[in-house]
Structures are given as C-alpha cells and as structure tokens.
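Student: From the sequence below, what's the structure:
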Amino acid sequence: MADSKDPILLDFPESFETERLLIRAPLWGDGVSMNEAIRESIDELRPWMAFAQVIPTLEESEKVTREGRLEFLKRDKLHMRIFRRDTEGFIGCISLHHLNWELRNFEIGYWIRSACAGKGYMTEAVNGITNFAIRELEANRLEIFCSARNTKSAAVAERAGFTLEGILRSASLGYDGERHDSKVFAKVRGIEF
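Tutor: Presented below is the predicted three-dimensional model:
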C-alpha cells in the first residue's frame, strides 16, 4: 500500500477470497443479483436496513451498485459483494464505512440473503474483511454496530471474535419507530490482532 495521507492514492486489491467465498468491489451489472436477494429477503432485512423499507426496483439496485463502485474507487466507502466460490451465487453485501484513514479505524456493515443465512457465510465474510482491513489497509480498529435487538448480527460479531465494548442505551431509532439500544463490538490492534 502506498504511504499517503490521501486515500485516493492508496493501492489495494478490489477482491479477496476465503475458503468458500469471493468478496469483491461492486461491478456494473451487479444490481440484478442484489435486487433478487433483497426481494427474497425483504422480511428479514426490513427491521434492520434502511434500503429494505420498500422493495427497490432493478434500476434502483443498479444505481446503488454503481454508486458503490464509485465510492470504492474514491475510497469514501468500501462496498463489497459476497459470492459463493463454487456456484458464483450472490450471497449478500459487506462493507467498510465510516472510514477514518488517519487513524485507520473502520466500521464493518453486512447483510445476507435469507436462503444463505445460518450456514456460517457471514461470519466467514466478516473474518475475511477483517483480515483484508488488517493486511491491506493497516487497520488499527475495526467496529461493528448493531441494534441490541438484532441478535443474529450480534452473534456474527461474537463468532468473528469481536469484543462487546458496550451498549449505547436508547442510541438509535429503529425502523419500527421505537428507540433501540446499540451494541458496539470492536477488534483493536495490539489486543485482538
């Protein structure tokens, strides 16, 4: 990686593989598979994800994909798509966002299509992007935030070895219109890696 204070000048791969997964930056045309996964998974995603409050059109999903590609290239957010290596089937999305390039602190966000849940794919993807961030981006701190009510997301963070640092009481407004506590998980250089 280039030693630069300007993230646009940083060189790092657009993809990586884990045992079962290919995780890569968005490409033009990914909107179709992403839209299919959102439609299939809308009931499970709606309580937790802003984009799942209304089923998006194909055009909207492709627009999000293209914007994600541009944000990746500009180093504003590192959106990535998750695919099974054996079938090349689309599984979900994972990203590094709230990027603090000066401190090398990054937040991980993720969602998975319903048909692929419960198979360990998201834990594998979180471990993969964690290793990517440590190796390629020289991460010092990685965070995962989730609603305290989102037990599945919290379980992924725990299985991936993130430490629960605290619960922020009544910290966010859920999509159900109620206030939610937020769980904060982290891995920190010199402690967990």
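Student: Could you report the distance from the nearest residue to residue 159 once chain neighbours are set aside to residue 56?
Tutor: Nearest in space to residue 159, with sequence neighbours left out and distances taken as C-beta to C-beta, 6 or more residues apart in numbering, is residue 123 at 4.5 Å. Every residue, glycine included, has its C-beta placed from N, CA and C. Here the distance between residue 123 and residue 56 works out to 27 Å (C-beta to C-beta, to the nearest Å).
Student: Could you do residue 40 as well?
Tutor: 13 Å.
Student: neighbour count winner among these two?
Tutor: residue 56 (19 against 14; other C-beta atoms under 10 Å).
Student: How about the contacts made by the more buried one?
Tutor: Each residue near residue 56 by C-beta atoms under 8 Å, 6 or more residues apart in numbering is listed here: 35, 38, 64.
Student: isn't there a strand covering the first one?
Tutor: The one in question is residue 35. No: Residue 35: not assigned to a strand; according to DSSP: H, G, I helix; E, B strand; the rest coil it is helix.
Student: ok, it - contacts?
Tutor: Counting by C-beta under 8 Å, 6+ apart, residue 35 makes contact with 56-58, 60-62.
Student: 7 Å - rerun?
Tutor: 56, 58, 61 (C-beta atoms under 7 Å, 6 or more residues apart in numbering).
Student: How about the second one?
Tutor: Under the criterion of C-beta under 7 Å, 6+ apart, the contact partners of residue 38 comprise 45, 52, 55-56, 61.
Student: helix/strand/coil for it?
Tutor: From three-state DSSP, the assignment for residue 38 is helix.
Student: host element of the residue most central in space within the chain?
Tutor: Note on the chain: the residue nearest the mean C-alpha position is residue 94, at 2.5 Å, using C-alpha atoms, centre = their mean. Assessed by DSSP states H and E, residue 94 sits inside strand 90-100.
Student: Relative to that strand, what are the paired strands and their orientations?
Tutor: Strands flanking strand 90-100 in the sheet, each with its direction: strand 78-84 (antiparallel), strand 105-112 (antiparallel) (DSSP bridges).
Student: How about the contacts made by residue 24?
Tutor: Under the criterion of C-beta under 7 Å, 6+ apart, the neighbours of residue 24 are 14-15, 80-81.
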